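**Student:** just to be clear, the model below is a prediction. Sequence and coordinates:
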Amino acid sequence: MASRALYIQRLALPRCVLQSPRLQTGLFHHGFLRYNSTTSEATPIFQAIRTDLKSAMKAKNSVQLGVLRSLLSEINNSHHGPNPITTHAQVLRMLQKKITAAQEAREEFVQAGRKDLQAKEEEQIAILKSYVDTYRGEEVNWDDLKKIVTSLVKEVKELDSKGASMGEVLKRLMKKVEGSDVDRGQLAKLVKELWPGK
């Protein structure tokens, strides 16, 4: 029996078609497509979303299904662009943006007197907030941080070997851990420890 990877290849569809969120969601639903493995699958919040998707399928909860499929699709699609979602903090930022968008939509429906759509947005907001409230204070994994810093140091030095600085590495690191409770001073200390030739 052909592997799922081969099955995707045999679809012989253009890349732009395979990247369609609707198609990707359908392929994931039927088990032919896995979400990008570089998206911290060890991250509890990511695992929770995938687990809850399966539960929502069994329960036939259409609202929750829609929210979770949208989240996973956005995470997967991000790997085709310049800003892939690969960290716990990035997932939290994505959730916050979706909450803000849903809140704005809810206000529009309130003004339009559409209580049915208002209720749907409120349900979506509750689902999204449940992940933020549960995982906002997730403990930082320092082993993972060391790997990230090492990768960033290499990245910065490749871009500018002479002008590379610890400050640039710290700046990029702060963007990756935004939303976590990690102290900036601790991050600066870590960057200094891992900076080559210090």
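**Tutor:** On my side now, so go ahead.
**Student:** count of residues packed around the residue nearest to Arg172 when sequence neighbours are not counted?
**Tutor:** Spatially, and ignoring its direct neighbours in sequence, Arg172 is nearest to Leu152 (5.2 Å; Cβ to Cβ, 6 or more residues apart in numbering). All C-beta atoms are positioned from the backbone trio N, CA, C, and that covers glycine. Counted by other Cβ atoms under 10 Å, the residues lying close to Leu152 total 19.
**Student:** repeat that for Gly66.
**Tutor:** Look at Gly66: counted by other Cβ under 10 Å, it has 16 neighbours.
**Student:** give me the element it is part of.
**Tutor:** Under DSSP states H and E, the secondary-structure element containing Gly66 is helix 62-78.
**Student:** show the average pLDDT along that helix.
**Tutor:** Helix 62-78 carries an average pLDDT of 94.
**Student:** which helices and strands sit right next to that helix?
**Tutor:** Contact here means 3 or more Cβ pairs under 8 Å, 6 or more residues apart in numbering; DSSP states H and E; on that basis helix 62-78 packs against helix 21-29, helix 44-59, helix 88-112, helix 115-135.
**Student:** now the angle from the second one to helix 88-112?
**Tutor:** Between helix 44-59 and helix 88-112, the angle comes out at 50 degrees (axes from the mean of the first three to the mean of the last three Cα atoms, to 10 degrees).
**Student:** tell me which residues touch the most centrally placed residue in the chain, please.
**Tutor:** In the chain, the centroid-proximal residue (Cα atoms, centre = their mean) is Val91; its distance is 3.6 Å. With contacts defined as Cβ atoms under 8 Å, 6 or more residues apart in numbering, Val91 is in contact with Thr43, Ile45, Phe46, Ile75, Ile85.
**Student:** again, only this time at 7 Å
**Tutor:** Under the criterion of Cβ atoms under 7 Å, 6 or more residues apart in numbering, the contact list for Val91 reads Thr43, Ile45, Phe46, Ile85.
**Student:** need the max-distance pair from those.
**Tutor:** The most widely separated members of those are Ile45 and Ile85, with 11.0 Å between them, by Cβ to Cβ.
**Student:** nothing else from me, thank you.
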